[in-house]
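Trainee: Pasting the sequence and the predicted model now:
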Amino acid sequence: MPDIQEVTVNDLKHLVSERAIQGETMLLNMGPQHPSTHGVLRLLLELDGETVINCIPDIGFLHTGVEKNMEAKSYQKAEVMSDRLDYMNPVGNNLAFSMAVEKLVDLDVPARAQAIRVILAELTRFQSHLVWLGTAALDLAAMSMFLYCFREREYILDVMELCSGQRMMTTYIRPGGVWRDVPVEFEAAVRNILKTFPKRIDQYEALLTRNPLMLDRTLGIGKLTGEECLNFGVTGPMLRASGVKWDLRKTRPYSGYEQYDFEIPTRPEGDVYARFLVRLEEMRQSLKIVGQALDKLPIGPVRSNNYKFVPPPRSEVGVSMEALIHHFKLWTEGFNAPKGSIYHAVESPRGELGVYLESDGSPKPYRIHWRTPSFDNLQSIPLMAKGVLVADLVAIIGSVDIVLGDVDR
Amino acid sequence: MNNELQTIVEELKKEFGANAIETHGDASLVLPREKIVAACQRVHALGFELLSALTAVDYWPEMQPRFHVIYEFTSVSRNLRMEIRVPVPGIHPTLPTVSHIYRNANWRERELWDMFGIKAEGHPDLRRILMPADWEGHPLCKDYPLGYEEPQFTFNFEEINLRKPYAKE
């Protein structure tokens, strides 16, 4: 076993200022067990009094080797791991993975499955923003927000449980469609959400939007211009809060997003407060999309009938020889994807969630890479943190909306 | 591939002598590694402001080239997507850095070093990023075995505990 290596200031001297080496400024560890680092993010701060001079993020505490593990599993089994990446957006991860596989093997998805995917993906976006709102407001000492948001989130998790039997790690979206049709109670449960939630968002706004404490902590802090955002690979609500109107649901539509009428909220300011406003408006737009998709939810199958890649329904396995053979092949060997590579990206609540998938013709992905939005969004923290107070840094980390499972993979 | 992307690809092919492959509607170019910095500058000037992904594929036991480093570019202003693949040999796998053009390549190249052992030359801060600083090996290489942990039961708990590789006082 190798000796445990100690990291000294010498190893980091290219990242801190001259004064830190002479001992004039203080190097302070924030995290990985700090409550406002949203998981296990460690920040090494160089402080002059209360002011942050340099901020060095240290990640990898939640590295689980998902990419390596996926390479050793067949496509169906690999998908189960995708839920665990960004645990606030499991449906979105399934969607990105399934769409990449569908593009690779050329699978069609029925219209009903597309609509169900959109409804669940938007509800997941909503609940992800709810968790962000609750925790980011908690960082700014708005305790009750946290309780309200988690109260509302339960309604959405109940819908997930209704569909898939799981509250969070659903694996409900599969290559070729969804696992099975939604139950009869689904529509009433979603309608209930659509009826109650707009009023709840109004309540959050009443509590926070004009709150002087909130404004003091967020206005003009953590500014990023649109150009800086793009150069740092920052996407999602952070990019839109800096005035760049870029949303993959609108610009490169997938899963039938082009049929729905919704707005892409943007703000020109690029500060913490603008990100707050953009995310709140996105929550309203998500509900709008869910409402439209539910109104015109088509009737029909929810899985492709290409049984080379999609398991045949149970009712057929008992009576059809071919179905039995397909079933056996799929659950023992898996399916062989054709040779080739693909990059497919979807809009996750945090930005561009991309999957790079390469197949060598075997039933296991040869290489799968997850382009996770939090990884790039987190890189912009050192830029935003320069010259702010430690308390403002907490607000900035909250506004980036990182999920460490998404950063470390 | 649409016309706008077609012209860009033709231009890059002529300028850098690249080979083009079409992958599912998006363009993919294969470039030698000496030209990647100039190509990135050109691609950035052509309106591809966003480096969406930077990763690699290991084709071990193939050694020449062993790796393909993959750059995914997105143009926000023109709504286009493009990919550049750079073959890298297995002996002394190095690559010039592009972190001065696309700033998010900084962490992505650190990940490349950490996971594949591909060194980005001229990188300002090439340390491991996801694995611990004293880790040996590069986990995403195909010659790096997938590890496992032995499940401990009451009858063999002590026996496995003795050889379990975790930090002891």
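Mentor: Cool, the structure landed.

Trainee: Count the residues that sit near residue A:407.
Mentor: 28 (other Cβ atoms under 10 Å in any protein chain shown). For the C-beta atoms, the positions are set from N, CA and C on the backbone; glycine is no exception.

Trainee: That one contacts residue A:373, doesn't it?
Mentor: No - with contact defined as Cβ atoms under 8 Å, residue A:407 does not reach residue A:373; the gap is 9.4 Å.

Trainee: what sits up against stretch A:269-280?
Mentor: With contacts defined as Cβ atoms under 8 Å, 6 or more residues apart in numbering or on different chains, stretch A:269-280 is touched by A:129, A:132-133, A:136, A:201, A:204-205, A:208-209, A:214-215, A:217-226, A:229, A:237-238, A:240-243, A:265-268, A:395-396, A:398-399, A:401.

Trainee: From the residues you listed, list the buried ones, please.
Mentor: Among the contacts of stretch A:269-280, those buried by neighbour count (16 or more other Cβ atoms under 10 Å in any protein chain shown) are A:129, A:132-133, A:136, A:201, A:204, A:208, A:214, A:217-218, A:221-222, A:224, A:226, A:229, A:237-238, A:240-243, A:265-267, A:395-396, A:398-399, A:401.

Trainee: among the contacts of stretch A:269-280, which are in helices?
Mentor: Counting by DSSP state H, the part of these found in helices is A:129, A:132-133, A:136, A:201, A:204-205, A:208, A:214-215, A:217-218, A:226, A:229, A:237-238, A:240, A:395-396, A:398-399.

Trainee: Chain B contacts on the stretch 151-300 of chain A?
Mentor: A:227, A:230, A:231, A:232, A:233, A:234, A:235, A:244, A:246, A:251, A:252 (Cβ under 8 Å from any Cβ of the partner chain).

Trainee: Name the nearest residue to the first one, ignoring sequence neighbours.
Mentor: Take residue A:227 and drop its neighbours on the chain: the residue closest to it by Cβ to Cβ, 6 or more residues apart in numbering or on different chains is residue B:49, 7.8 Å away.

Trainee: which residues does that neighbour contact?
Mentor: Contacts for residue B:49 (Cβ under 8 Å, 6+ apart) come out as A:227, A:230, A:231, B:74, B:75, B:76, B:77.

Trainee: backbone phi and psi for it, please?
Mentor: phi -80, psi -20 (degrees, to the nearest 10).

Trainee: sorry, back to before: so which of the contacts of residue B:49 are in strands?
Mentor: B:74, B:75 (DSSP state E).

Trainee: Near residue A:80, how many other residues are there?
Mentor: Number of residues near residue A:80 (other Cβ under 10 Å) recorded here: 14.

Trainee: biggest helix in chain B by residues?
Mentor: Max-length helix for chain B by DSSP H is helix B:3-16.

Trainee: Paired strands for the following helix or strand past that helix, with orientation please.
Mentor: Going down the chain from helix B:3-16, the next helix or strand is strand B:19-23, by DSSP states H and E. Paired strands of strand B:19-23, with direction, are strand B:26-30 (antiparallel) (DSSP bridges).

Trainee: Pull out the buried positions in the following helix or strand past the strand it pairs with.
Mentor: Moving toward the C-terminus from strand B:26-30, the next helix or strand (DSSP H and E) is helix B:36-45. Along helix B:36-45, these residues count as buried under the neighbour rule (16+ other Cβ under 10 Å): B:36, B:37, B:39, B:40, B:42, B:43, B:44.

Trainee: Could you export those residues as a markdown table, including distance to chain A and pLDDT?
Mentor: A markdown table is the format used below for those (distance: Cβ to the nearest Cβ, whole Å; pLDDT from 0 to 100):
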| residue | distance to chain A | pLDDT |
| --- | --- | --- |
| B:36 | 17 | 88 |
| B:37 | 16 | 90 |
| B:39 | 17 | 88 |
| B:40 | 12 | 89 |
| B:42 | 16 | 88 |
| B:43 | 13 | 88 |
| B:44 | 9 | 90 |
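
Trainee: what's the most distant pair in those residues?
Mentor: The span of these, defined through Cβ to Cβ, is set by B:36 and B:44 at 12.1 Å.

Trainee: so which residue of chain A comes closest to chain B?
Mentor: residue A:233 (3.3 Å; Cβ to the nearest Cβ).

Trainee: Can you give me the neighbour number for that residue?
Mentor: Per other Cβ under 10 Å, the neighbour tally for residue A:233 reads 30.

Trainee: Wait, it touches residue A:378, no?
Mentor: No - using Cβ under 8 Å, residue A:233 makes no contact with residue A:378, being 10.2 Å away.

Trainee: and the residue of chain B found nearest chain A, how far is that from residue A:233?
Mentor: Per Cβ to the nearest Cβ, residue B:104 is where chain B lies closest to chain A, at 3.3 Å. With distances taken as Cβ to Cβ, to the nearest Å, residue B:104 is found 3 Å from residue A:233.

Trainee: Appreciated, that's everything.
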